[in-house]
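S.K.: Provided below are the primary sequence and the corresponding predicted coordinates.
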Amino acid sequence: MKLTEEQVRYVADLANLALSPEETTHFADELSQILTYVDKLNELDTANVEPMAQVLFDVEDTATMRADEAGQTLPVEVALANAPLSGAGHFKVPLVIEK
Amino acid sequence: MNVATLTIPEIRKALLAKACSAEELCREALAFAETENPSTHAYLHLSPERALDGARRVDARIAAGEDPGALAGVPVAVKDVIVTKGLRTTCASRMLENFVPPYDATAVERLEAAGGLIIGKTNCDEFAMGSSNENSAFGPVRNPVALDRVPGGSSGGSAAVVAQGTAVVSLGSDTGGSIRQPASFCGVVGITPTYGRVSRYGLVAFASSLDHIGPFARTVEDAATLLRVTAGRDERDATSALAPVDDYPAAMAADVRGMKVGLPKEYFAGLASETGDLIAKAVDQLKELGCDIVDISLPHTDYAIATYYIICTAEASSNLARYDGARYTFRSPNSGTLEGMYRNTRGEGFGAECKRRIMLGTYVLSAGYYDAYYRKAQKVRNLITQDFLRAYEQVDAIVAPVSPFPAFKLGEKMSDPLEMYLSDIYTITGSLAGIPCMSVPAGRTSDGLPVGMQILTKHFDEAGMLRLARAYERATS
């Protein structure tokens, strides 16, 4: 599987990741190598295999649903403490919609 | 007392006999860490106030005649991807350089409740992505056994502090080998418990279907003690298991005579070198201890790396989407527009390996490729897991190398990411299956470099794994 620089730019857009032209060239090469390697999975016939989305141990070991009860949450000012910019109880970001 | 070689039982004995106070011991441990750390850069930052506060609480409990807890006065280091309330947690990334978490991870809460003292946060690969600790945004860790070599990764700092003696035990995280491989490279014990055995609440997410928290220690018993304290159901992590936690230190005292130990042929083919010789010697030792050695096959081993690097990058690309400049401390100065803020914050905040994995993960999840890559990999993951489940119908434990080679030199493998990925071959399979696995020291090469033996058992059989490790340790020390 060979990835072109145009494809790299497309994927970087999907990932919201700014890449320099050098990084783009570099990743086209590196990701192509890695994708060529992972193509080896196609040697296996998996038509009748279930995908494993969770680690397979007995279900009773992970009865994962808890009661839907309100608990303690972080106070707003604590949740905002790591924000680069905040105000009036909100995270602040650059202007999106003009007034 | 020599802080560099202390064990948990020695500390307990000294404190209960009032030979020293927890505060005195803690001050000594902090001073030693301060002096020794510059040579390895294993700690990113020390936390003297928090540790000393804890030590004074332990002293008060002892003075009041109360049980001070299973980790009373024990200096513990915590990998800097595990959050600590009020104590900077950076994930070794520029992105979180100034992040101060508003809560403690469950594992941290539990170890402190048991009297453990957090003396610092350890260096690691950025967001736990790497096999050499060279991907830290704050500089690599050096292996205390050989300073020109890597400590392994991604929990390189957590392995190094225990090897160097600047902590008694530590917590790391493992997604594809990030506890076992550095334990092997630094000559200490490292445990990746069953998936779900230790709550991941407060572990900064990398690949959620694979992430584990686990202990490092200089002895099997100390690692078992830290595991026991941190393990068990936690309401705040829906994937944490309900299965009861065994008394690991007690369970591992038993004999291993008659235990069936499998050697997977796929792990030994092509393992020339001293690593192979040392593991063969360790297997002979297990035979002498009365284990039945059985040859087995795990036929899908060869597909593990491809499977892993699809699943882990896909999940990473999703988990790392939250670092967008809005919430987590770092925002690019070039954030004139919302889109610019997202793109530039991520472009400037993440290092090369994170970007590589975000790119690969985004690609394999993108429209038209999901079935060909992610779903295909999940299916092969099932085949790899079935290999193990079938093997455990025949054997009680599996023994294998941890890494094809001992610690390599800094810089040696940085230019070729694929080659670095391939070096994870022996640890990734256990991670994909979610079974407990560990590295136990199995001697040193002629250059004096440590080599670890890997022990893998079935889901939730940490007790069996530790029993075999302890028997081997007893026979060889």
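M.R.: Yes, it's here.
S.K.: C-alpha from now on. contacts and neighbour counts both.
M.R.: OK.
S.K.: what about residue B:268, how many neighbours?
M.R.: Using other CA atoms under 10 Å in any protein chain shown, residue B:268 has 16 neighbouring residues.
S.K.: neighbouring contacts of the helix or strand hosting residue B:464?
M.R.: Secondary structure assigned from DSSP states H and E places residue B:464 in helix B:462-476. Residues from elsewhere that reach helix B:462-476 (CA atoms under 8 Å, 6 or more residues apart in numbering or on different chains): B:193-194, B:220-221, B:224, B:246, B:248, B:251-256, B:282, B:285-286, B:289, B:396-397, B:436-438, B:440-441, B:455-457.
S.K.: Skipping its backbone neighbours, what lies nearest residue B:203 in space?
M.R.: Distance criterion CA to CA, 6 or more residues apart in numbering or on different chains; nearest residue to residue B:203, sequence neighbours excluded, is residue B:82 at 4.5 Å.
S.K.: on that earlier part again, next step: the contacts of helix B:462-476 restricted to strands.
M.R.: Applying DSSP state E to the contacts of helix B:462-476, the entries found in strands are B:397, B:437, B:438, B:440, B:441, B:455, B:456.
S.K.: Distance check, the first one against chain A.
M.R.: If I follow you right, that is residue B:397. 17 Å (CA to the nearest CA, to the nearest Å).
S.K.: ditto for the last one
M.R.: The gap separating residue B:456 from chain A is 16 Å, by CA to the nearest CA.
S.K.: avg pLDDT for the longest helix seen in chain A?
M.R.: When every helix of chain A is counted residue by residue (DSSP state H), the longest turns out to be helix A:21-38. Averaging pLDDT along helix A:21-38 yields 95.
S.K.: Regarding stretch B:209-229, how distant is the last residue from the first?
M.R.: With CA to CA, to the nearest Å as the measure, stretch B:209-229 spans 23 Å from end to end.
S.K.: which residue does the stretch 301-450 of chain B bring closest to chain A?
M.R.: The stretch 301-450 of chain B approaches chain A most closely through residue B:379 (4.0 Å), counting by CA to the nearest CA.
S.K.: Spell out which residues of the stretch 101-250 of chain B are next to chain A.
M.R.: Neighbours of chain A within the stretch 101-250 of chain B, by CA under 8 Å from any CA of the partner chain: B:102, B:195, B:209, B:235, B:238, B:239, B:240, B:241, B:242, B:243.
S.K.: tell me which strands and helices the lengthiest helix in chain B is in contact with?
M.R.: Ranked by number of residues, the top helix in chain B under DSSP H is helix B:22-40. If you count contacts as 3 or more CA pairs under 8 Å, 6 or more residues apart in numbering or on different chains; DSSP states H and E, helix B:22-40 packs onto strand B:43-46, helix B:48-63.
S.K.: so where's chain A shaky on pLDDT?
M.R.: A:56-64 (pLDDT under 70).
S.K.: Quick check, the residue in it closest to chain B?
M.R.: Closest contact between chain A and chain B, by CA to the nearest CA, is at residue A:51 (4.0 Å).
S.K.: Find the nearest non-adjacent residue to that residue, please.
M.R.: residue B:379 (4.0 Å).
S.K.: Could you do residue B:106 as well?
M.R.: Residue B:106 sits nearest to residue B:201 (CA to CA, 6+ apart), 5.7 Å away.
S.K.: what helix or strand is residue A:98 on?
M.R.: Going by DSSP H and E, residue A:98 is not in any helix or strand.
S.K.: Give me the number of neighbouring residues for it.
M.R.: Neighbour count for residue A:98, taken as other CA under 10 Å: 4.
S.K.: that older thread, looking at the residues of the stretch 101-250 of chain B next to chain A, spot the one nearest residue B:276.
M.R.: residue B:195 (28.3 Å; CA to CA).
S.K.: Show the backbone phi and psi for residue B:77.
M.R.: Dihedral pair for residue B:77: phi -100, psi 150, per degrees, to the nearest 10.
S.K.: what sits against it?
M.R.: B:118, B:119, B:120, B:121, B:122, B:158, B:161, B:167, B:169, B:170, B:171.
S.K.: make it 10 Å
M.R.: Residue B:77 sits next to B:42-43, B:46-47, B:116-122, B:157-159, B:161-162, B:166-172, B:215-216 when contact means CA atoms under 10 Å, 6 or more residues apart in numbering or on different chains.
S.K.: likewise residue B:267?
M.R.: Counting by CA under 10 Å, 6+ apart, residue B:267 touches B:276, B:297-298, B:301-302, B:399-404, B:425-426.
S.K.: what ranges do the strands span in chain A?
M.R.: Under DSSP E, chain A gives strands at A:86-87, A:90-91.
S.K.: Then the stretch 1-150 of chain B?
M.R.: Along the stretch 1-150 of chain B, counting by DSSP state E, counting those that start in this stretch, strands occupy B:43-46, B:75-79, B:117-122.
S.K.: what would these look like in JSON lines with mean pLDDT?
M.R.: As requested, the strands of the stretch 1-150 of chain B are arranged in JSON lines below (pLDDT from 0 to 100):
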{"stretch": "strand B:43-46", "mean pLDDT": "98"}
{"stretch": "strand B:75-79", "mean pLDDT": "98"}
{"stretch": "strand B:117-122", "mean pLDDT": "98"}
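S.K.: Kindly reformat these as CSV containing distance to residue B:358.
M.R.: Converted to CSV, the strands of the stretch 1-150 of chain B look like this (distance: least, CA to CA, whole Å):
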stretch, distance to residue B:358
strand B:43-46, 25
strand B:75-79, 22
strand B:117-122, 24
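S.K.: what's the spacing between the host helix or strand of residue B:356 and its chain's center?
M.R.: Using DSSP H and E, residue B:356 maps to helix B:352-365. Here helix B:352-365 is found 23 Å from its chain centre; the criterion is CA atoms, centre = their mean, to the nearest Å.
S.K.: for it, which positions count as buried?
M.R.: By neighbour count on 16 or more other CA atoms under 10 Å in any protein chain shown, the buried set for helix B:352-365 is B:353-365.
S.K.: got it, and stretch B:279-294?
M.R.: So for stretch B:279-294, counting by 16+ other CA under 10 Å, buried means B:279, B:280, B:282, B:283, B:285, B:286, B:287, B:289, B:291, B:292, B:293.
S.K.: ok, now which ones touch the residue nearest to residue B:169 when sequence neighbours are not counted?
M.R.: Distance criterion CA to CA, 6+ apart; nearest residue to residue B:169, sequence neighbours excluded, is residue B:217 at 4.6 Å. Residues in contact with residue B:217, defined by CA under 10 Å, 6+ apart, are B:7-8, B:76, B:158-159, B:161-163, B:165, B:167-171, B:183, B:187-191, B:223-226, B:440.
S.K.: hang on, isn't residue B:8 packed against residue B:167?
M.R.: No - using CA atoms under 10 Å, residue B:8 makes no contact with residue B:167, being 11.0 Å away.
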